[in-house]
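A.B. asks: just need the structure, nothing else, for what follows:
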Amino acid sequence: MMMTRFASLAVFAVFILSACSSPDQSSNGAATPTAAQEKITLKLAHGWPKGYPIFGESVDDFKALVESLSDGKLEIKVDSTNKHKSAFGIFDFVKSGQYDIGQTASYYYGGKDPDTLFFSSMPFSMTTQEQTAWFYEGGGLELANQVYAKHNIEVMLGGNTGMQMGGWFRKEINSIDDLKGLKMRIPGFGGKVIAGVGAVPTNIPAGELYQALERGTIDALEWVAPGLDLRMGFHKVAPYYYTGWHEPGTELMYFFNTDTMEKLPNWAKSVLRNAARLTAYNMTTTTFDANTENWAAISSQFPDVQIKQFPAEVIAALKESNQKLIDQEIARSPIAKEILESRAAYLEKARSWTKIGEQSYLESIAQ
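C.D. replies: Now for the predicted structure:
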């Protein structure tokens, strides 16, 4: 499957890259003989175990696409958490130059810079299509690069998970009181929101999630959606699977060390940036497909899984907690205010179309 995806990306990428720059340009745009170019080797670290489905596979696709489009002049050496041993260390790896490239989720690094929380997904906010349009057409990617520039990092989108589920729970949630004291793996802004209603959020690497849930170290967790969740086995120890609210369209990102990028010739920068964009699109569609397949499997093979929606009382409390935090963030710094107001303005515009487009369609055919 990976080679089929890779081949289709490569064909499309040829047209984009031919318009961006010639592979025989140096960093100052001057033509140089192809024969004189030496192979450039770059190191990439991602935040998943080796061969991890979809997320890790997407990095392998990126590597293959970069090497093919550059005719072998760019080589990517990929290290997973099996090698570098730090699922949440990608930010520091790339910032320091230990690695030239990273692939991870921005919201893991709110402790490094609180403004990074706004570029993965936000509770009760934009869907995948809406947020992708904000990044590419509404100034979102420029704002992300403004935040990351001070950390010696340039970012590109890395692929979206789509709507994420609200999580696996060992016990049913019937009221807001059931969340008080509940220990849950949930990162990013969603973690701050549930803390505001009395839950205890934590973050745990992918490879340790099942064990933490099984042993009762945590009472609940959210990971992604059926496409990745089912193969993790969470349904074996937590039968209540809740629909989402906290991450309606979660974006991974490629981090590029700024110093490395500045030293590269223009053709190499073009290959890396466009390969990231194309691989991101591919990961988004692959995730959607995996979700459809595994959702069907849950219905047919695991009838004991109970699909739940949070009670209206719980959603209302989470919305209130979310808005309080948004107001605090807007007051915290000018850049946070700019980012959040940009998101809100684009959401208002985009949601009007989503409602008259997809939502009206779905409602009309359901009658």
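
A.B. asks: what's the closest non-adjacent residue to Ala290?
C.D. replies: Spatial nearest neighbour of Ala290, excluding adjacent residues (Cβ to Cβ, 6 or more residues apart in numbering): Gly227 at 2.9 Å. From N, CA and C alone the C-beta is placed, and that goes for glycine too.

A.B. asks: now the helix or strand harbouring Val78: buried residues?
C.D. replies: Using DSSP states H and E, Val78 sits in strand 74-79. Neighbour counts using 16 or more other Cβ atoms under 10 Å place Leu74, Ile76, Val78, Asp79 of strand 74-79 among the buried residues.

A.B. asks: repeat that for stretch 119-135.
C.D. replies: Under the neighbour-count criterion of 16+ other Cβ under 10 Å, stretch 119-135 has 119-135 buried.

A.B. asks: of those residues, which belong to helices?
C.D. replies: If you go by DSSP state H, the buried residues of stretch 119-135 have Thr128, Gln129, Glu130, Gln131, Thr132, Ala133, Trp134, Phe135 in helices.

A.B. asks: and Ser80, what does it touch?
C.D. replies: By Cβ atoms under 8 Å, 6 or more residues apart in numbering, the contact set of Ser80 is Ala45, His46, Trp48, Pro49, Lys50, Gly51, Tyr52, Gly56.

A.B. asks: quick one: which of the residues you listed has the most company?
C.D. replies: For the contacts of Ser80, the largest neighbour count, defined by other Cβ atoms under 10 Å, is 29 neighbours, found at His46.

A.B. asks: ok, the nearest residue to that residue once chain neighbours are set aside - contacts?
C.D. replies: Spatial nearest neighbour of His46, chain neighbours left out: Gln103 (4.2 Å); criterion: Cβ to Cβ, 6+ apart. Neighbour list for Gln103: 44-47, 55, 58-59, 62, 90, 158, 252-255 [criterion: Cβ under 8 Å, 6+ apart].

A.B. asks: try it again at 7 Å.
C.D. replies: Residues near Gln103 by Cβ atoms under 7 Å, 6 or more residues apart in numbering: Leu44, His46, Val59, Gly158, Leu252, Tyr254.

A.B. asks: between the residues you listed, which is closest to Lys180?
C.D. replies: Leu252 (32.0 Å; Cβ to Cβ).

A.B. asks: ok but that closest one is inside a helix, no?
C.D. replies: No. Counting by DSSP: H, G, I helix; E, B strand; the rest coil, Leu252 is not part of a helix but strand.

A.B. asks: for burial, what's the neighbour tally of it?
C.D. replies: With other Cβ under 10 Å as criterion, Leu252 counts 26.

A.B. asks: tell me the pLDDT at it?
C.D. replies: Leu252 is assigned a pLDDT of 98 by the prediction.

A.B. asks: which residues of the stretch 1-150 of the chain fall in strands?
C.D. replies: 40-46, 74-79, 101-105 (DSSP state E, counting those that start in this stretch).

A.B. asks: counting neighbours, which bits of the last one end up buried?
C.D. replies: By that I understand strand 101-105. Ile101, Gly102, Gln103, Thr104, Ala105.

A.B. asks: before we move on, back to that, pull the most distant pair out of the contacts of Ser80.
C.D. replies: Farthest pair in the contacts of Ser80 (Cβ to Cβ) is Ala45 and Gly51. Separation: 15.0 Å.

A.B. asks: got the angle between the one helix or strand Phe255 maps to and strand 101-105?
C.D. replies: Applying DSSP H and E as the criterion places Phe255 in strand 251-257. Here the directions of strand 251-257 and strand 101-105 differ by 150 degrees (axes from the mean of the first three to the mean of the last three Cα atoms, to 10 degrees).

A.B. asks: next, the angle from the strand holding Val78 to strand 40-46.
C.D. replies: 30 degrees.

A.B. asks: partners of strand 74-79 in the sheet?
C.D. replies: Here strand 74-79 has these sheet partners by DSSP bridges: strand 40-46 (parallel).
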